[in-house]
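**Q** sharing a model prediction with you, sequence too.
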Amino acid sequence: MRNSPRVLSAKRFDRVEKMKRTVKLSLGFCIAMLTIALAAPHLSSPKLVLRFLPKDVYEAGKDHPAPSLPKRLLGHLLLVITAAYAVWAYRDISDGIRREKVSFKEAYKRLLAFLMIEKVFDITCLDQILCMSSGYYQRFYPETKECAGWKDRAWNNKNQAARIILYPLLCAVQTFLITERREGS
């Protein structure tokens, strides 16, 4: 008994719609991360903001005056909201996979798409454009303008490469657990 082309196209359409939702959730997380990155100099301690940048930039700017306590509390609240969104979105994708009973391959693609979209955004937009090219943080921390770290585009390569290598492995393990649990139920 063969499936009709109409049924196959309906299944394919459903998979595409589910992947679109995954991409939208990931892009929502990227927007939240961008918001945090742009608001950080206004709402967070320089030690917190600059610790993600090259070491010489951190050392030069760590003694910059911190914003007031209410602003710092607002900054921490935004961090918590962003983290909660990331957990909710990833869990929503995982729950959808469990509900829909999709194959391991399809589940893996969706989980990996969520994380890789975020990682590509992090590397290109946050690290290379916002931190290294735009001079955005140098405006808030003028004492760091002369630091050599601003010209070192490879400052975060090791951390980013480790995540790019770990994400597929973590997605495979999680996909296995999701699909295995479903089959065991």
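**A** Alright, I've got the coordinates. Residues are numbered from 1 along each chain as shown.

**Q** contacts, neighbours, all on C-alpha from now
**A** Noted.

**Q** ranges for the helices of this structure?
**A** Under the criterion DSSP state H, the chain carries helices at the ranges 5-43, 46-50, 55-61, 69-100, 104-121, 136-140, 157-184.

**Q** can you list the buried residues in the third one?
**A** Which is helix 55-61. For helix 55-61, the neighbour count (16 or more other C-alpha atoms under 10 Å) marks Asp56, Val57, Tyr58, Glu59, Ala60, Gly61 as buried.

**Q** same question for the second one.
**A** For helix 46-50, burial by neighbour count (16+ other C-alpha under 10 Å) applies to Pro46, Lys47, Val49, Leu50.

**Q** take those and lay them out in TSV including distance to Lys151.
**A** Formatted as TSV, these follow (distance: C-alpha to C-alpha, whole Å):
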residue	distance to Lys151
Pro46	20
Lys47	20
Val49	18
Leu50	15
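
**Q** of all these, which comes closest to Leu78?
**A** Val49 (13.6 Å; C-alpha to C-alpha).

**Q** my read: the closest one touches Pro41, true?
**A** Yes - counting by C-alpha atoms under 8 Å, Val49 touches Pro41, with 6.7 Å between them.

**Q** between the helices of the chain, which one is nearest to Gly149?
**A** helix 55-61 (6.1 Å).

**Q** so what's Phe52 scoring on pLDDT?
**A** pLDDT, Phe52: 88.

**Q** let me see the contact set for the residue nearest to Tyr58 when sequence neighbours are not counted.
**A** Leaving out its chain neighbours, the residue that sits closest to Tyr58 by C-alpha to C-alpha, 6 or more residues apart in numbering is Leu50, at 5.0 Å. Taking C-alpha atoms under 8 Å, 6 or more residues apart in numbering, we find Leu50 in contact with Val57, Tyr58, Gly61, Lys62.
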